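Participant: sequence unavailable; structure follows:
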């Protein structure tokens, strides 16, 4: 059963699905953060489990017969992002961490380019992460890990 997370923006509550949040992790791992981070993702139990490799395509670690979301995509619970030049920096984000970062971005608590903020806002309102590109996913991860954009 799909879970939903509520993101509150300017007093309005918007529900986003786990598939929405998982898609952002997938985009970030598969390229959004690759210029500054080594990455590793962990699939939801029953959707396949990565084997600990770094810099991988998350879909390579999911069997065709494992559980998927309504659109056929695997659901990822978390991903680790370690700064390539200093592996002691970075960390792991789960779906709630992604939702919290999105909320901070949309509430204007962070210095994120307005165009990125608009893309993320539209995606949240529609519960459709298909317009969240690598740049937007990277911003979300950096806000989630560092509370600011460290790498540009």
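Facilitator: Received, thanks. Here the structure is a predicted model, which is why all the values come from computation and not from measurement.

Participant: bridging residues for the closest residue to residue 84 other than its chain neighbours?
Facilitator: Once flanking residues are discounted, residue 84 sits nearest to residue 38: 5.5 Å by Cβ to Cβ, 6 or more residues apart in numbering. Backbone N, C-alpha and C define where each C-beta goes, glycine included. With DSSP bridges applied, the residues forming beta bridges to residue 38 are residue 82.

Participant: test my guess that residue 38 contacts residue 82.
Facilitator: Yes - between residue 38 and residue 82 there is a contact under Cβ atoms under 8 Å: 5.0 Å.

Participant: check which residues of stretch 124-138 are buried.
Facilitator: Using 16 or more other Cβ atoms under 10 Å as the test for burial, stretch 124-138 gives 124, 129, 132, 135-138.

Participant: and the host helix or strand of residue 5, how far from the chain's centre?
Facilitator: Using DSSP states H and E, residue 5 falls within strand 4-9. When distances are taken as Cα atoms, centre = their mean, to the nearest Å, strand 4-9 is centred 15 Å away from the chain's centroid.

Participant: strand partners (parallel or antiparallel) of it?
Facilitator: Paired with strand 4-9 in the same sheet, following DSSP bridges, are strand 12-17 (antiparallel).

Participant: show the model's pLDDT score for residue 108.
Facilitator: At residue 108, the predicted lDDT confidence score is 89.

Participant: near it, how many other residues are there?
Facilitator: Using other Cβ atoms under 10 Å, residue 108 has 12 other residues around it.
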